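Novice: Sequence first, then the predicted structure, then my questions.
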Amino acid sequence: MSKITNIIAELSAIESSLLYREKLLDTVSEVAQVLLTSSEAEALAATKKGMEIVGKCLNTDRVQIWRNEMINGELHFVMRYEWLSAIGEEKKLVPLGLKFPYSSKPGWLEMFKSGKAINSKVSDLSPEDAAFLGYYEMVSIVCLPMFINQELIGFFSVDDCVKPRVFTNDEMKMMGSTGLMFASVFNRVEQAETLKRRENLLQSVNRATHFMLNTSAENFTNALHEAMRVIAQAIKVDRVFIFKNFKIDGIPHCTQVHEWVAAGIESMTGSPLATDVSYYDSVPLDWHEQFNRGEIVHGLVSAFPEKARNYFIPGDVISTIFVPVFKDSDFWGFIGFDDCANERHFTKDEAEILRTFGFLFMNAMDRGKKGGNVIADGSAAHMGKRVLLVEDVELNRDIVKALLADSGIIIDCVENGNEALSVLLSENVKYDMVLMDLAMPVMDGFEATRRIRKKYPIAELPIIALTGNITMEIIDQCNAVGMNDFISKPIEIDKFFALLRNATAHKS
């Protein structure tokens, strides 16, 4: 009789196991339905609902999503989303926004990057980790790494506060599947946010271009300040300032010549922080060298060297970015952008937009001195001319199109040298000029120019190098493959029109 009882018990256990596995599979399907059918506007609510579904299925007390964020130059994991059971709500609060540097948890970052997870009773962990998690009344913990495009973006965690356990393989697979879906939602949302932010930034370039390049010389300062406001609001900074270089006894200094400040932010114009600033005494010496090389300097003030902190903190600056400005290839000065409220690292898109603003400023200033109107002159002289832009970075293509939007010039774009060859050798369209980026995948600008020159001699089709890194070595390489000239990125408007004017005059 006992043997039959044992068999019945085993069958019952198998049935229970199969039913639970089915429940786990149903949970994956339910989370997928919630997450993958949600709109961008519904993404946050869908994320929280998906976490609730997982938590109730596992009968656990907390479900959390921790995101990787760079804070003060150090990578942290930050708690951004949380679901709590009734028991979890009674336990010690894990506040949203709680952050810890990975350096405080030795081995975690390397473990997560390799795709490994934590699945343990808290009492079985190292004394340090047990104390860390036990403080929040956890007795069991699972942490599964989350990736977007093979980059670790954080981890998905569940924990128990009452009954210690190690989760089964089936439970870990379910959590792994749902974690992938959470990462997919974040990727979708972040891509949409990136596109919206990029569109907003490009619109700001269009508006700044309109203000600075379509104004009379006597109204230049007002137009510049309006353009500074447009750019500042687009990237959400509180202060924009322009510094011009000069020398005292051969020592490089700079002084503030223009400024825009948001409401409630103190102006630095005329203050000791903004006049007669020595590159040697007030900021790190290597910044002057970096500016000379055309490099952008940015970051959190709290992470700057002591000399720079002592300079910026009195001005209530929390995060800042500096974009060097050049005149005739000489380091003229720089434009700075201060965030007085947030710790942030500026994105690549933001940095390129700000670099564009620097070019706009210098072009507009030169135009003001000459009394000309760059865009108007271009529109009259070059309406209907056709230029092929060869550039692999979408943002850079968009910037060039935005800067020349009112010129009447037709701009076609391809993403690498191989595509440029296909277009130019097809003879379907005749171009007046080619703007050729140098470093591109598939085929770079040097090789593409070499091949193009087999058909089009240098006098017949101008090929202009478009580069952010102009050195004598680069210039020699450009000349060697048959390029006509070079233009700094994002685009030197005056020089572009001059080159196009010369090219079309030669053809006529």
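Specialist: Perfect, thanks for sending it.
Novice: any idea which residue sits dead centre in this protein?
Specialist: Nearest to the geometric centre of the chain sits Thr347, at 2.9 Å (CA atoms, centre = their mean).
Novice: what about Val54, distance to Met175?
Specialist: Separation of Val54 from Met175 (CB to CB, to the nearest Å): 7 Å. The C-beta positions use only the backbone N, C-alpha and C, and glycine is treated the same way.
Novice: Model confidence for the residue lying closest to Ile313 once chain neighbours are set aside, exactly?
Specialist: Closest residue in space to Ile313, ignoring its immediate chain neighbours: Val301 at 6.3 Å, by CB to CB, 6 or more residues apart in numbering. With respect to pLDDT, Val301 scores 85.
Novice: same thing with Val240?
Specialist: At Val240, the model reports a pLDDT of 92.
Novice: Give the bridge partners for it, please.
Specialist: On the basis of DSSP bridges, Val240 is bridged to Trp260, Phe337.
Novice: rewinding a little: what's the neighbour count on the residue nearest to Ile313?
Specialist: Residues lying near Val301 (other CB atoms under 10 Å) number 21.
Novice: and it, what is it in contact with?
Specialist: Val301 is in contact with Ala308, Arg309, Phe312, Ile313, Val317, Ile318, Ser319, Thr320, counting by CB atoms under 8 Å, 6 or more residues apart in numbering.
Novice: Just the ones in helices from those, please.
Specialist: Of those, the ones assigned to helices by DSSP state H are Ala308, Arg309, Phe312.
Novice: Tell me the one of those residues nearest Ala46?
Specialist: Of all the ones in helices among the contacts of Val301, Ala46 sits closest to Phe312, with 41.0 Å by CB to CB.
Novice: pretty sure that closest one contacts Phe304?
Specialist: Yes. Checked against CB atoms under 8 Å, the pair Phe312 and Phe304 is within contact range at 6.9 Å.
Novice: Just confirm Gly154 is within a helix.
Specialist: No. Assigned with DSSP: H, G, I helix; E, B strand; the rest coil, Gly154 falls outside any helix and is strand.
Novice: buried ones in stretch 461-481?
Specialist: Along stretch 461-481, these residues count as buried under the neighbour rule (16 or more other CB atoms under 10 Å): Leu461, Pro462, Ile463, Ile464, Ala465, Leu466, Thr467, Ile470, Gln477, Cys478, Val481.
Novice: Could you list the low-pLDDT ranges of the stretch 351-500 of the chain?
Specialist: 366-382, 405-406, 468-470, 490, 494 (pLDDT under 70).
Novice: all helices in it, in order from the N-terminus.
Specialist: Secondary structure of the stretch 351-500 of the chain (DSSP state H, counting those that start in this stretch): helices located at 374-382, 394-403, 417-426, 445-452, 472-481, 493-507.
Novice: Tell me which of these sits nearest to Thr37.
Specialist: With distances scored as CB to CB, the stretch of these nearest to Thr37 is helix 394-403 (28.4 Å).
Novice: what's next to the closest one, contact-wise?
Specialist: So helix 394-403 is contacted by 198, 202, 205-206, 209, 348-349, 352-353, 356, 360, 389, 391, 411, 413, 435, 437, 489-491, 493 (CB under 8 Å, 6+ apart).
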